[in-house]
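Participant: Provide a 3D model corresponding to the input given below.
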Amino acid sequence: MNYDKLTLPLAGVVLFGTLGALRAEDDAWSDNNRVSLGYRMGFNMPLKLKNVGMPAFANNPSANGKSYTDGFVGTDNTGNVGGLTTYWGYNSGTQVTAGNSSLVLHNSSSGAVGPDVDESPYNGMEITFDHEFGRHPSWRWGVEGAFNWMDFSAHQRSVAPAGVLGADSYSLGYTPPSAPYTGPYASGPFSPLLGTTATPVPVTVDSTFAANFYGFRLGPYLDLPLNKHLLLTFSAGLAVTIVDAQFSYIESNPMEGVTSAANASDVNVLAGGYVSALATLKLSPSVNVFAGMQFESSDSYQITAGTKRAEIDLSQALYFSAGLSFSF
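Facilitator: Numbers count the residues shown, from 1 in each chain. Take a look at the predicted model:
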């Protein structure tokens with residue numbers, strides 16, 4: 001069954017059914033202004049952690065072999081007889097393990113570091129002001145403005161998938177030439193040799209993201225009083241989010257320990273839109289309780305630290321809110 005084709009007809013049935021239930025004699029909702037203060041809870045905002053990639057080792061003169069970001073292992077003129085080659089290079093002395101037993105070379109390409117992180121619900125608050133501009137016996141309309149805050153934090157510790165991040169260990173067994181070093185293609189009696197059998201080394205990335213979201217909403221609203229105690233409110237309009245974020249990561253492997261770490265902070269402004277539906281229950285002439293849902297869509301937020309990027313998908317954010325409102 002094609003449910004999309006049923007959406008508008010069902011919406012029409014609900015709307016006309018609602019309008020039919022209205023009572024024009026209800027004067028309980030005669031006030032022109034409302035101030036609302038409530039708890040706000042956010043969902044469906046996955047955090048994606050990515051590697052931005054690094055160029056291959058600059059001193060590799062040939063693609064005849066395996067290239068890394070900090071070295072290469074190639075095939076020399078002997079065809080790597082005995083599983084050894086003189087045609088290799090590396091970038092830093094930190095890549096040589098204790099005792100000179102091996103040389104560690106690192107991969108780095110663009111791609112996801114691990115699965116998406118979603119640690120919702122994210123908690124916050126919102127204050128809203130509604131001012132009425134017009135009314136009909138069955139409905140009223142006006143403009144609402146709101147300010148909100150939400151705390152967003154997420155943590156991921158993962159072993160990076162092969163092809164994105166990782167390291168290979170190669171047998172060495174002696175003190176190599178000082179880095180940076182590029183060995184000769186033509187084998188000779190005094191040319192340093194490197195074993196060509198690679199042993200994979202897993203790389204762990206520990207990432208932390210924390211941010212404060214400050215939001216503003218502005219748009220028209222429509223009030224539909226169902227009776228003296230219950231009111232439905234629908235609204236839509238512009239949503240602006242200010243993201244004040246901090247992002248850090250530590251990259252490590254069991255052979256070298258920490259190999260990379262970086263942190264960054266950033267403040268960015270994102271524009272989007274929202275639609276909202278709210279139910280309000282009157283407790284007294286001026287005090288009400290409310291609960292509702294809001295859908296908000298805006299640009300994604302990105303922040304980069306070192307070779308890692310954190311990205312929050314805000315295209316389909318959902319918010320639940322509940323609290324008190326005061327009419328006057």
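Participant: count of residues packed around residue 269?
Facilitator: When counting by other CB atoms under 10 Å, one arrives at 13 neighbours for residue 269. Every C-beta, even on glycine, is put in place using the N, C-alpha and C of the backbone.
Participant: let me redo that: residue 45
Facilitator: Neighbour tally, residue 45, other CB under 10 Å: 26.
Participant: okay, and the beta partners of the nearest residue to it once chain neighbours are set aside?
Facilitator: Using CB to CB, 6 or more residues apart in numbering and skipping residues adjacent in sequence, the residue nearest residue 45 is residue 317, 5.2 Å away. Listed beta-bridge partners, residue 317: residue 296 (assigned using DSSP bridges).
Participant: so what's residue 317 up against?
Facilitator: The neighbourhood of residue 317, defined by CB atoms under 8 Å, 6 or more residues apart in numbering, consists of 42, 43, 44, 45, 295, 296, 297, 298.
Participant: if you set the cut-off to 6 Å instead, what comes out?
Facilitator: When contacts are counted by CB atoms under 6 Å, 6 or more residues apart in numbering, residue 317 touches 44, 45, 296.
Participant: quick one: classify the second one as helix, strand or coil.
Facilitator: Put plainly, it is residue 45. With DSSP: H, G, I helix; E, B strand; the rest coil as the basis, the three-state label of residue 45 is coil.
Participant: top strand in this protein by residue count?
Facilitator: With DSSP state E applied, the strand covering the greatest number of residues in the chain is identified as strand 257-282.
Participant: would you mark the buried spots in that one?
Facilitator: For strand 257-282, burial by neighbour count (16 or more other CB atoms under 10 Å) applies to 259, 260, 264, 266, 270, 272, 274, 276, 278, 280, 282.
Participant: the second one touches residue 251, doesn't it?
Facilitator: Yes. Residue 260 lies in contact with residue 251 (CB atoms under 6 Å); the separation is 4.1 Å.
Participant: mind listing what the longest strand of the chain pairs with, with the direction of each?
Facilitator: Based on DSSP bridges, the pairing partners of strand 257-282 within the sheet are strand 230-253 (antiparallel), strand 287-298 (antiparallel).
Participant: list the buried residues of the longest one.
Facilitator: Of the residues in strand 230-253, 230-237, 239, 241, 243, 245-253 count as buried by neighbour count, 16+ other CB under 10 Å.
Participant: quick one: mean pLDDT over that strand.
Facilitator: Here the mean pLDDT over strand 230-253 is 97, rounded to a whole number.
Participant: what of the shortest one?
Facilitator: When the per-residue pLDDT values of strand 287-298 are averaged, the result is 97.
Participant: chain center to it, what's the gap?
Facilitator: 23 Å (CA atoms, centre = their mean, to the nearest Å).
Participant: need the next SSE after it, C-terminal direction.
Facilitator: The element immediately downstream of strand 287-298 (helix or strand, assigned by DSSP states H and E) is strand 301-305.
Participant: what about the residue nearest to residue 266 when sequence neighbours are not counted, distance to residue 312?
Facilitator: Leaving out its chain neighbours, the residue that sits closest to residue 266 by CB to CB, 6+ apart is residue 303, at 4.7 Å. Note on residue 303: its distance to residue 312, by CB to CB, to the nearest Å, is 9 Å.
Participant: between those two, tell me which one has more neighbours.
Facilitator: For residue 303 and residue 312, the more surrounded residue by other CB under 10 Å is residue 312, and the numbers stand at 23 against 20.
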